[in-house]
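1. Okay, here's the prediction I keep looking at, along with the sequence it came from:
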Amino acid sequence: MLDILLDILSWILLLGGALFLLTGAIGVLRFPDFYSRLHAVSVCDTLGAGMVLLGLMLQGGLTLVTVKLMLIFYFMVFSGPTAVHALAEAAQVSGLDPVEDDREDG
Amino acid sequence: MINLKHPFNLSLFLFAVWLLLSGHYTPLLLTLGLLSTLLVVFIAARAELIDHEMQLVLIKPGVLLYWVWLGGEIVKANIDVCRRILDPRLPISPRMIRVRATQKSELGRVTYANSITLVPGTVTVSVEGDRFTVHALTREAADDLEGGELNRRVRDVEQRF
């Protein structure tokens, strides 16, 4: 019984993660400039990949595989923002101006 | 915080990681693992990579509490950004803002800058001393950050590292 429950939860996480990854990809296409596209990438980086990893951990159970998945998650939490920051700073240093929009939100 | 500046501590830590990742515990492979650990530490020492940044931040209850809180914020921000991505009108109002970091330590400021970037909707673009330039996707995200709650929480958690 618990097995089936864990399996269902794991699949919810996997599919939810896939949905966030897809939404992030759509965001990369729709957003107007380089800087705003970084925010869409953030979505893939955090919740998208995070939920997929969590779903895989549930599939792995209490094994060494799960420990490795946790390590992947740990490293991603630190390397993701560092990479995004490096990209953003490189864009700013090379003189790319962001599209600014002062109109009220939706 | 555990200091890994001493080559012995660093070797011990790296070998523990090796043991965790390999899953093979025969004498031959253990010897090879130990040798490769020592080789890595030797190369790192020769390349002068072992400096004050070689610290292991332990996950104490207070720090864990911060990560859980940040996780909640990340989920909320993710849902908000996704809602905007899928909205046909694309209701965003991107802007650059400047915020001040009031953390005392370098590690505290790094944690703050990384936390800002980790939350979708805000990205730390540049860091000059305690001045951060942040790109925000929306007015709300910018206002939230300028409210200073994240800054305060990182300053509190920095004392527990």
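-> That came through fine.
2. residue of chain B with the smallest distance to chain A?
-> B:Pro91 (2.8 Å; C-beta to the nearest C-beta). Every residue, glycine included, has its C-beta placed from N, CA and C.
3. Settle this for me: that residue is touching B:Ile85, isn't it.
-> No: B:Pro91 is beyond contact range of B:Ile85, at 10.2 Å (criterion: C-beta atoms under 8 Å).
4. Of the two, which one has the most company?
-> Between B:Pro91 and B:Ile85, B:Ile85 has the larger neighbour count (other C-beta atoms under 10 Å in any protein chain shown), namely 23 against 13.
5. That one: what's it in contact with?
-> Neighbour list for B:Ile85: A:Thr23, A:Gly24, A:Ile26, A:Gly27, A:Arg30, A:Phe31, A:Ala40, A:Val43 [criterion: C-beta atoms under 8 Å, 6 or more residues apart in numbering or on different chains].
6. Give me the below-cutoff pLDDT ranges for the chain.
-> By default, I'm working from chain A. Low-confidence segments of chain A, defined by pLDDT under 70: A:102-106.
7. not quite, I wanted chain B
-> In chain B, residues with pLDDT under 70: B:1, B:58.
8. so where do the strands sit in it?
-> For chain B, the strands defined by DSSP state E cover B:2-3, B:55-56, B:95-100, B:122-128, B:131-136.
9. With respect to A:Ala91, which of those lies nearest?
-> strand B:122-128 (7.9 Å; C-beta to C-beta).
10. How about exporting the closest one as CSV, limited to the C-alpha atoms?
-> Once non-C-alpha atoms are left out, strand B:122-128 reads as follows in CSV (Å, rounded to 0.1, in the frame of the first residue of the first chain):
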residue,chain,number,x,y,z
THR,B,122,15.2,38.5,-8.9
VAL,B,123,18.8,38.1,-10.1
THR,B,124,21.9,39.6,-8.6
VAL,B,125,23.7,41.2,-11.5
SER,B,126,26.7,42.8,-9.8
VAL,B,127,28.2,43.1,-6.3
GLU,B,128,30.3,46.1,-5.3
